[in-house]
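In: Sequence first, predicted model second:
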Amino acid sequence: MIASRQPLPLHRSLALGAIGTLAFLGFWAFLARSGLVSPLFLPGPVAVAERFATLTERPFAGGTLPAHVASSLQRFMVGYLLAAAVGVPLGLTMGWSRLLDDIVTPIFDGLRFIAPIAWVPFAALWFGTGIGGPILIIFAGAFPPCLINAYRGARYIDARLLEAAEMLGTPGYRMIAEVLLPAALPSIVAGLRISAGLGWQSLVGAELIVASTGVGYMMVQAQGAVSTATVMVGMVAIGLVGVIIDVALRTLETRLRRHHGQS
Amino acid sequence: MKFSRRMCVGMATLVVIAVLWYVATTGLGLISAGRFPAPGDVETAAVQAFVRGYPDTTLLVHVLHSLRLVALGFLVSVTLGVPLGLLMGWNPTAEALINPVFLLLRPIPPLAWIPLAILWLGLGDGAKVMVIVIAALPPAVISTQAGVRGVPPQIIEAAQMLGTPRLRFVTDVLAPAAAPMIFTGLRLALQASWTTLVAAELVGSLAGLGYVLNVAQQDLYPGMILVGMAAVGVLGAGSTALLGMAERRAIGWAQLRGAA
């Protein structure tokens, strides 16, 4: 007999969630303590937390943890804003102009399957390992969702609206800023959230290879120095910043939706 | 008519780009050969990569090396992920137990596991497979779970009423009904596998496409960088197309019905 799938009451699901989390942390701590695995390669949760606290004050690989995070965030912001500034207007215009669509689509499709991280060698060759190189990688990661969502947003606009604006002789730039942009806004903001996630991921990859500061760089240096705790601190920091970025953009998304009176 | 116009403009664009590329590099020398390769450089690099080999062996051997790792990591992810997703989608207790661990680990991008994987398993194949599984498991699990949740209750009730045994219920009712979503998950998992493998090979490896890119970067060899990138793109597109074909063969019925 098959039991029916019924949702659990909230208190039970919370309790089970706590059990699952504790079991995970407990297993980790047990493995680290048991001596089955060398603590050099698997520090326990407490050791990682302690290392996290230490790194906020004492520098590793040329900076403290906050300094590395700040350097990563700065790169991220530049690359991300660049991707949005190019991708959104281009996507909107492609959704409106058939000719531009036909021109850009084959180029875009040709480049789409190249993983952002595969741009690393050219990034290093063109912009070096300072701030420029990683920015190209973030751009490569964050650009496609910006473009695709703006494009889709513009394509689903009621054609009568566009025709009315065209008939009234709206010039091109006002067409983008005052007709296409507001109508496609929900789709654009959703795209911006996806690109933030992808851009942040690509940045981490880029910093592992072509950077001289940042969290990714700190992790590679820690890997070389066999400081597993520092590597894990880096992973936690990356995860935390990623969550913060996502929450910030989600808040923006809900606000915009409410403002536009859409659910 | 529309289709042909689109094709014409697309072809014209590609031709214009090719001409611009030639003029800017070989023709006028606007772009130095050290920054971006001329068509001739790419040809030389391609011949070297395919015939003489760079570095050590031919491109085909490197590609096969990468493909093997992707296939291995992908298969492990699917064999673990789909059953886990079925379980979590069907059993609320299992979901409540396992989900928090996923939520805890998910914000960490797969690429951030690379240094840890290298510390644990070294520069060889083991670390690559570990990182691929970390990247490909979540999409496989999450899509399967969502697929199971979306199974129409009528189907479930009918199976219950007919007294279908548990195992057959999972294999003959739940899995096929969730198949369209499962395939979506597999496609995402495959893409994640590729991206992650290239990154892992770039960080540290002794063979594979990422290794080719890495050596070409150190040798300041733009022609070979472009060949490597093209190979990454072709293989990414090829594997996605292959999975699309498998999807049409396996669940063409769902697409016909418009349920995909």
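Out: Here it is on my side, so go on.

In: Check the burial of residue A:21 by counting its neighbours.
Out: 16 (other C-beta atoms under 10 Å in any protein chain shown). The C-beta positions use only the backbone N, C-alpha and C, and glycine is treated the same way.

In: ok but it is inside a helix, no?
Out: Yes - counting by DSSP: H, G, I helix; E, B strand; the rest coil, residue A:21 is found in a helix.

In: how near is it to chain B?
Out: Going from residue A:21 to chain B by C-beta to the nearest C-beta, to the nearest Å gives 5 Å.

In: shouldn't that residue be in contact with residue B:105?
Out: No - contact criterion C-beta atoms under 8 Å: residue A:21 and residue B:105 do not qualify, at 10.8 Å.

In: Give me the domain ranges for chain B.
Out: B:1-31, B:38-259 (automatic domain parsing).

In: Point out the most buried one among those.
Out: Comparing these by mean neighbour count (mean count of other C-beta atoms under 10 Å in any protein chain shown), domain B:38-259 ranks first with a mean of 19.

In: if we can go back for a sec, any idea which of the domains of chain B scores lowest on pLDDT?
Out: The minimum mean pLDDT among the domains of chain B belongs to domain B:1-31 (a mean of 83).

In: Is chain A within reach of that one?
Out: Yes - on the criterion C-beta under 8 Å from any C-beta of the partner chain, domain B:1-31 is in touch with chain A at B:5-6, B:9-10, B:13-14, B:17.

In: Any chance of those in TSV with secondary structure as columns?
Out: Formatted as TSV, the residues of domain B:1-31 next to chain A follow (three-state DSSP):
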residue	secondary structure
B:5	helix
B:6	helix
B:9	helix
B:10	helix
B:13	helix
B:14	helix
B:17	helix
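
In: Pick the one among those closest to residue B:91.
Out: Closest approach between the residues of domain B:1-31 next to chain A and residue B:91, by C-beta to C-beta: residue B:6, at 48.5 Å.

In: tell me the helices in the stretch 51-200 of chain B, going along the chain?
Out: Taking DSSP state H, counting those that start in this stretch to define them, one finds helices in the stretch 51-200 of chain B at B:59-90, B:92-105, B:114-121, B:125-149, B:153-161, B:166-168, B:175-203.

In: export the fifth one as CSV, just CAs?
Out: The C-alpha coordinates for helix B:153-161 follow below in CSV (Å, rounded to 0.1, in the frame of the first residue of the first chain):
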residue,chain,number,x,y,z
PRO,B,153,-3.0,13.4,-7.8
GLN,B,154,-5.5,11.4,-10.0
ILE,B,155,-2.6,9.2,-11.3
ILE,B,156,-1.4,8.6,-7.7
GLU,B,157,-4.9,7.9,-6.5
ALA,B,158,-5.6,5.5,-9.4
ALA,B,159,-2.4,3.6,-8.6
GLN,B,160,-3.3,3.4,-4.9
MET,B,161,-6.8,2.2,-5.7
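
In: and it, what other elements does it pack with?
Out: On a contact count with 3 or more C-beta pairs under 8 Å, 6 or more residues apart in numbering or on different chains; DSSP states H and E, helix B:153-161 meets no helix or strand.

In: from the middle of its chain, how far away would it be?
Out: 36 Å (C-alpha atoms, centre = their mean, to the nearest Å).

In: And for the last one?
Out: Taking C-alpha atoms, centre = their mean, one finds the center of helix B:175-203 at 5 Å from the center of the full chain.

In: again with the third one
Out: On the basis of C-alpha atoms, centre = their mean, the separation between the geometric centre of helix B:114-121 and that of its chain is 21 Å.

In: residues making contact with it?
Out: A:41, A:205, A:208, A:219-220, A:222-223, A:226, A:228, A:231-232, A:234-235, B:127-128, B:130-131, B:199-200, B:203-204 (C-beta atoms under 8 Å, 6 or more residues apart in numbering or on different chains).

In: Mind doing that once more with 7 Å?
Out: Outside helix B:114-121, the residues within contact range by C-beta atoms under 7 Å, 6 or more residues apart in numbering or on different chains are A:41, A:208, A:219-220, A:222-223, A:226, A:228, A:231, A:235, B:127, B:130-131, B:199-200, B:203-204.

In: orientation of that helix relative to helix B:175-203 in degrees?
Out: 90 degrees (axes from the mean of the first three to the mean of the last three C-alpha atoms, to 10 degrees).

In: and what of the second one?
Out: When the same axes, to 10 degrees is applied, the directions of helix B:92-105 and helix B:175-203 differ by 20 degrees.

In: list the contacts for residue 21?
Out: Using chain A. Neighbours of residue A:21 in contact, by C-beta under 7 Å, 6+ apart: B:100-101, B:104.

In: wait, I meant chain B there
Out: residue B:39.

In: switch the cut-off to 10 Å
Out: By C-beta atoms under 10 Å, 6 or more residues apart in numbering or on different chains, the contact list for residue B:21 reads B:27, B:31, B:36-39, B:42.

In: Looking at those, which is nearest chain A?
Out: residue B:36 (8.0 Å; C-beta to the nearest C-beta).

In: could you check the distance from the residue lying closest to that closest one once chain neighbours are set aside over to residue B:6?
Out: Closest residue in space to residue B:36, ignoring its immediate chain neighbours: residue B:222 at 5.8 Å, by C-beta to C-beta, 6 or more residues apart in numbering or on different chains. Per C-beta to C-beta, to the nearest Å, residue B:222 is found 32 Å from residue B:6.
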